[in-house]
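Student: With the sequence up front, the predicted model follows.
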Amino acid sequence: MIDADKRKGIVLNYLDKGYLVSKECIDTNLCVDVRHLEESDCLIILSDTINIKNAKDCNWLELDRARVMYEKRQNSKIIQKFSAFADKEEIKIVIPEENSVKITYSYDKDTVKKREVADFVTYFNKRYSVIEKILRQRKELENSVSISRILARREKNNVSIIGFVMNKRETRNGHLMLTLEDKTGIIKVLINKDRFELFKQAKELVLDEIIGITGTNGDKIVFANNIFIPDIPTNKELKKSSDEVYALFLSDLHVGSNKFLPDEFNKFLKWINMELGDEKQKKIASKVKYIFIAGDLVDGVGIYPGQEENLVITDIYEQYKECANYLKQIPSHIKMIICPGNHDAMRIAEPQPKFYEDFSKPILDLPNATFVSNPAHVNIHADENFSGFDVMMYHGASFDYYVSNVDSIRNQGGYDKGELIMKFLLQRRHLAPSHSSTPYLPETDHDPLVISKVPDFFVTGHIHKSVVSSYRNVSLICGSCWQSKTSFDEKMGHEPEPARVPIMNLQTRQIKILRFQ
């Protein structure tokens, strides 16, 4: 890596001769001695456009625009025409490699129609249909019957049912009484307190999740013997890349907050540009190919009462402009995949669409960034011999609810144990199974928060603590934050751990956490 002073001198030498070179050209030693430029009739403008001869008729500005459009997957035909022209003119133009980020799901509806009560019914029915199919893959539930049929029975039989947890309460005798609902009816399910493991499992259930029950029916009641949750398969493949490249994970930058940590973030930027760290650390930085940013790029405006007292940038446009100034320092060969969070300038209801152009145009103009909704599913690093890694991104606004309402999560550390929350949601196959756990928009064609396809990585943020773990070969990764402790944190008893960056070696699936504080 060439140091900053030497790089500046090289650039000035080129400018004196009327040539503008990119930083990448210098750092990768593609630049030739300025004295030989006129002799070789060679012009260097970019790290992937070299050895140019007889190129006076080429519109280099349009070529650069074509490259950007290609990298953003907007148009590949223009750069192909440039390539054909280059062949005739003896110009070597290296077309950038095929974009290795593929969006497999991102919410993209532009308009929001008025929602009626019937829309909520349809929304929950769509969710039920998907998760019911998952549960019926269990041998014990493959012959499940509707609740209405069980209600019509008079004799006792072994039964299996699938339904929403409509209600959960403790009886006078200390048992748990569930109310289950499917498309045909409602029935009570008794969980006996003397069946310790079953009772413990039932205590973990939350309202509106979909479960399976096997047991014995009585008079408009089922006495449970087993509880089944959708969960993810135990035999999921642990995918690994054949080459050593890295993905790293950020979230919750909160640019604009008076608690934002610019010095720490600049340390990160210096490292990713191989200007900081020892040789081993710089080598890792040189192999980073993907950066995921899981929401809350800015602190926002009007997110909570009195927020203006905690802002150093009070204009939302300026917050995104400043954020873009930081992110554009990330090397252009690194793909950034970015989703919004609850502090970003958009609707809070999930799914959140990708960033609105009117507020956040400066970041949307970043040529090496892919923008997706919250939640979203993307595939990275696929090629003709490898299917790539499936990544589920979700900012994590529903996490607060499950920290408060699930005893095992709360008692084992709450926000300090983000992996427990992520595991809990994977087991439910839903990012916000309870109706009140997050604001949401009831889509009528499908439920965007259902985890219908099991990912390789589950990437989140929101809790301001870096978490890395694994559950049944799914890597659980939560970015930390770039904001020190706020008054809200103090009020809620949160202890953030900022400036930590999880980084994964895609060849080994090993994850380390880098600290920049």
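Tutor: Perfect, thanks for sending it.
Student: On the C-terminal side of the longest helix anywhere in the chain, identify the next helix or strand.
Tutor: In the chain, assigned by DSSP state H, the helix with the most residues is helix 117-135. Downstream of helix 117-135, the first helix or strand assigned by DSSP states H and E is helix 147-152.
Student: What helices and strands are in contact with that following helix?
Tutor: If contacts are counted by 3 or more C-beta pairs under 8 Å, 6 or more residues apart in numbering; DSSP states H and E, helix 147-152 sits against strand 158-170, strand 186-191. Every C-beta, even on glycine, is put in place using the N, C-alpha and C of the backbone.
Student: center of the protein - which residue?
Tutor: Met393 (2.1 Å; C-alpha atoms, centre = their mean).
Student: I figured that one was touching Val459, is that so?
Tutor: Yes: using C-beta atoms under 8 Å, Met393 makes contact with Val459 at a distance of 4.9 Å.
Student: Which residues are in contact with each of the two?
Tutor: Common neighbours of Met393 and Val459 (criterion: C-beta atoms under 8 Å, 6 or more residues apart in numbering): Phe292, Ala294.
Student: Assign Ile513 to helix, strand or coil.
Tutor: In terms of secondary structure, Ile513 is strand; the call rests on DSSP: H, G, I helix; E, B strand; the rest coil.
Student: give me the beta-bridge partners of it?
Tutor: With DSSP bridges applied, Ile513 shows beta-bridge pairing to Pro502.
Student: Check the helices and strands packed on helix 147-152 for me and report the most buried one.
Tutor: Highest mean neighbour count of those: strand 186-191, a mean of 20 (counted as mean count of other C-beta atoms under 10 Å).
Student: From the contact counts, what lies against whichever helix or strand comes after that strand?
Tutor: Moving toward the C-terminus from strand 186-191, the next helix or strand (DSSP H and E) is helix 196-203. Helices and strands touching helix 196-203, by 3+ C-beta pairs under 8 Å, 6+ apart, are strand 176-181, strand 186-191, strand 221-228.
Student: For burial, what's the neighbour tally of Lys102?
Tutor: For Lys102, the neighbour count with other C-beta atoms under 10 Å is 16.
Student: Please save the CA atoms from the helix or strand containing it in PDB.
Tutor: Assigned by DSSP H and E, Lys102 belongs to strand 101-106. The C-alpha coordinates for strand 101-106 follow below in PDB (Å, rounded to 0.1, in the frame of the first residue of the first chain):
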ATOM      1  CA  VAL A 101     -24.800  -9.800  -5.200                       C
ATOM      2  CA  LYS A 102     -28.200 -11.100  -6.300                       C
ATOM      3  CA  ILE A 103     -31.400  -9.800  -4.600                       C
ATOM      4  CA  THR A 104     -33.700 -12.800  -4.100                       C
ATOM      5  CA  TYR A 105     -36.400 -10.900  -2.200                       C
ATOM      6  CA  SER A 106     -36.800  -7.200  -1.600                       C
END
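Student: Just checking: what are the partner strands of that strand?
Tutor: Counting by DSSP bridges, strand 101-106 is paired with strand 376-380 (antiparallel).
Student: quick one: contacts of the partner strand?
Tutor: Residues outside strand 376-380 that contact it (C-beta under 8 Å, 6+ apart): 100-107, 247, 290, 335, 337, 339, 370, 372, 387-393, 453, 455.
Student: and those, which are buried?
Tutor: Among these, those scoring as buried are 101-103, 105-107, 247, 290, 335, 337, 339, 370, 372, 388-393, 455 (criterion: 16 or more other C-beta atoms under 10 Å).
Student: What about those residues, which are in strands?
Tutor: Taking DSSP state E as the definition of strands, those contribute 101-103, 105-106, 247, 290, 335, 337, 339, 370, 389-393.
Student: for the residue nearest to the centre of the chain, what are its contacts?
Tutor: Contacts for Met393 (C-beta under 8 Å, 6+ apart) come out as Phe292, Ala294, Ile337, Cys339, Val372, Asn374, Pro375, Ala376, His377, Val378, Val459, Thr460.
Student: how about the nearest residue to Leu431, chain neighbours excluded?
Tutor: Closest residue to Leu431 apart from its sequence neighbours, by C-beta to C-beta, 6 or more residues apart in numbering: Leu449 at 4.4 Å.
Student: okay, now the one you found: neighbour count?
Tutor: Count around Leu449 with other C-beta under 10 Å applied: 22.
Student: so who does it touch?
Tutor: Glu350, Pro351, Pro375, His430, Leu431, Ala432, Tyr440.
Student: let's go with 10 Å and repeat that
Tutor: Taking C-beta atoms under 10 Å, 6 or more residues apart in numbering, we find Leu449 in contact with 123, 127, 350-351, 375, 394, 398, 425, 429-433, 437-438, 440, 443.
Student: cool, Asn405 as well?
Tutor: For Asn405, the contact set (C-beta under 10 Å, 6+ apart) comprises Glu204, Val206, Leu207, Ser434, Ser436, Ser437.
Student: Out of those residues, give me the one that has the most neighbours.
Tutor: Ser437 (23 neighbours).
Student: Now for that one: which residues touch it?
Tutor: 206-208, 397-402, 404-405, 425, 430-431, 449.
Student: same thing but 7 Å
Tutor: Ser398, Tyr401, Tyr402 (C-beta atoms under 7 Å, 6 or more residues apart in numbering).
Student: and those residues as a markdown table, adding pLDDT and distance to Asp383?
Tutor: Supplementary listing: the contacts of Ser437 in a markdown table, determined by pLDDT from 0 to 100; distance: C-beta to C-beta, whole Å:
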| residue | pLDDT | distance to Asp383 |
| --- | --- | --- |
| Ser398 | 97 | 35 |
| Tyr401 | 96 | 40 |
| Tyr402 | 97 | 37 |
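Student: Now render these as CSV, adding secondary structure.
Tutor: Shown next, in CSV, are the contacts of Ser437 (three-state DSSP):
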residue, secondary structure
Ser398, coil
Tyr401, helix
Tyr402, helix
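Student: which of these tops the neighbour count?
Tutor: Note: the member of these with the most neighbours is Ser398, at 25 neighbours, neighbours being other C-beta under 10 Å.
Student: Quick check: it vs Val11, distance?
Tutor: Ser398 sits 49 Å away from Val11, taking C-beta to C-beta, to the nearest Å as the criterion.
Student: Same question for Tyr290.
Tutor: Going from Tyr290 to Val11 by C-beta to C-beta gives 29 Å.
Student: swap in Val222?
Tutor: For Val222 relative to Val11 (C-beta to C-beta), the value is 76 Å.
Student: same question, Leu364
Tutor: Using C-beta to C-beta, Leu364 is found at 28 Å from Val11.
Student: next one: Asn411
Tutor: From Asn411 to Val11 the distance is 58 Å (C-beta to C-beta).
Student: Comparing the two, which residue is more hemmed in?
Tutor: The residue with more neighbours, out of Asn411 and Val11, is Val11; 18 against 9, by other C-beta under 10 Å.
Student: ok so the more buried one is a strand residue?
Tutor: No: per three-state DSSP, Val11 lies outside any strand segment and is helix.
Student: Model confidence for it, exactly?
Tutor: Listed pLDDT for Val11 reads 72.
Student: picking that back up, from the contacts of Asn405, which ones fall inside strands?
Tutor: Using DSSP E, none of the contacts of Asn405 sit in strands.
Student: Sort out for me which of those are in helices.
Tutor: Short answer: those have none in helices (DSSP H).
Student: just those now: which is nearest Arg472?
Tutor: Checking the contacts of Asn405 against Arg472 with C-beta to C-beta, the nearest one is Glu204 at 17.6 Å.
Student: Let's see the pLDDT reported for the closest one.
Tutor: Reported pLDDT for Glu204: 96.
Student: ok, it touching Ser408?
Tutor: Yes: Glu204 lies in contact with Ser408 (C-beta atoms under 7 Å); the separation is 6.0 Å.
Student: In space, what's closest to Glu170 - neighbours in sequence excluded?
Tutor: Using C-beta to C-beta, 6+ apart, the nearest residue to Glu170 is Leu176, at 6.0 Å.
Student: wait, Arg127
Tutor: If the residues on either side of it in the chain are set aside, Arg127 comes closest to Asp447, at 4.1 Å by C-beta to C-beta, 6+ apart.
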